[in-house]
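*Asks:* Fold the following and give me the result.
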Amino acid sequence: MSFEIKLPLFEGPFDLLLFFIQRDELDVHDIPISKITNDFLDYLHHLETMDVEVASEFILVAATLMRIKAKMLLPRPILDEEGNEIDPRDELVKHLLEYKKYKSVIENLGQMENDRQQLESRGNVVRELKKLAETNNVESELQDIDLYKLLKVYRKVLVRYELELNKPVHEVVQYPYTISNQKGFVLGKLGKHPKLSFSQLIEFEPTKVAVIFNFLAILELLQLREITLHLGIGFNNFWIEKIDGELVS
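*Replies:* Numbering: from 1, shown residues only. Okay, the predicted model is just below:
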């Protein structure tokens, strides 16, 4: 037996986020960023499994959610000029509230447009019919055409063709890394090396993207209490060590 899974296609990433918030009856001012991020990424993974092309704005919002999640995992809070702690979710909440407000206005305008289209304009029917006949009279239009007008039209067509020919192409390339896979990668290296520095971990895959994913994986493992961290000597230098058994607090 075969099962077919159908997922709803949302107009944009904020539609998807609002759907999760309304579905789980969450407070938009206090979003559980970890749950929302996991639900958002699961939806994108399902789209990729169904061979549905994921738009770049969805990938951008997914990266933003991961960045906010990483900031909330860091032990050092960000402070404003007055010394108050800045919630990394504030900007996302602000955009969600603005999007929700404009979406409700657009829905009202769309309903007004539909109502307006059901109405017929009252005017001089005979005059309107003559005007339509004149605009569709091909012979009268050809009588006014000269060489100069033809050259102007030809030039516009050439300019439009050059613009279409040189139009930039945006290509989204998916990174070959996931936080889940890099968590296994880090734990695998710690299985061979009891204690490992972050600089040594970079040497295994010395690319910028791999370093970012490995760092996020380390933060996840710290939160899950599967590894511990020791500060080293030097700038941005630390050691990671696997924890055997449960950590007693």
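*Asks:* how about the helices in the chain?
*Replies:* In the chain, the helices defined using DSSP state H lie at 13-23, 33-49, 56-73, 90-117, 125-135, 138-143, 147-165, 179-192, 198-204, 208-223.
*Asks:* Specify the stretch among those helices that is closest to Phe238.
*Replies:* helix 198-204 (5.5 Å; CB to CB). Glycine gets a C-beta too; all of them are placed from N, C-alpha and C.
*Asks:* So for that closest one, mean pLDDT?
*Replies:* Averaged over helix 198-204, pLDDT sits at 84.
*Asks:* before we move on, what about stretch 217-233?
*Replies:* 84.
*Asks:* circling back to that earlier point, with mean neighbour count and distance to Glu241 added, can I get the helices of the chain in a markdown table?
*Replies:* Below are the helices of the chain laid out as a markdown table (neighbours: other CB atoms under 10 Å; distance: least, CB to CB, whole Å):
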| stretch | mean neighbour count | distance to Glu241 |
| --- | --- | --- |
| helix 13-23 | 16 | 36 |
| helix 33-49 | 15 | 25 |
| helix 56-73 | 16 | 19 |
| helix 90-117 | 12 | 34 |
| helix 125-135 | 10 | 80 |
| helix 138-143 | 8 | 82 |
| helix 147-165 | 9 | 58 |
| helix 179-192 | 15 | 7 |
| helix 198-204 | 14 | 12 |
| helix 208-223 | 17 | 11 |
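*Asks:* If you average pLDDT over each of these, which is lowest?
*Replies:* With a mean of 59, helix 138-143 has the lowest mean pLDDT of the helices of the chain.
*Asks:* Give me the spatial nearest neighbour of Ser56, chain neighbours excluded.
*Replies:* Nearest residue to Ser56, sequence neighbours excluded (CB to CB, 6 or more residues apart in numbering): Val172, at 5.1 Å.
*Asks:* just checking, that neighbour touches Phe58?
*Replies:* No: applying CB atoms under 8 Å as the test, Val172 and Phe58 come out as separate, 9.7 Å apart.
*Asks:* Spit out the contact partners of Cys214.
*Replies:* I think there's a mix-up here, since residue 214 is Asn and not Cys. Going by CB atoms under 8 Å, 6 or more residues apart in numbering, Asn214 touches 182, 185-186, 201-202, 205.
*Asks:* Turn those residues into a markdown table, columns for distance to Tyr161.
*Replies:* Listed next are those as a markdown table, based on distance: CB to CB, whole Å:
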| residue | distance to Tyr161 |
| --- | --- |
| Gln182 | 47 |
| Phe185 | 50 |
| Val186 | 53 |
| Leu201 | 52 |
| Ile202 | 49 |
| Glu205 | 45 |
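*Asks:* Pull the contacting residues for Arg89.
*Replies:* Counting by CB under 8 Å, 6+ apart, Arg89 touches 31, 33, 68, 72.
*Asks:* mind redoing it with 10 Å?
*Replies:* Listed by CB atoms under 10 Å, 6 or more residues apart in numbering, the contact set of Arg89 reads 28-33, 36, 65, 68-69, 71-72, 96.
*Asks:* now for those, which pair is the farthest apart?
*Replies:* Every pair of those checked by CB to CB; the farthest is Val28 and Lys71, at 18.8 Å.
*Asks:* Lovely, talk soon.
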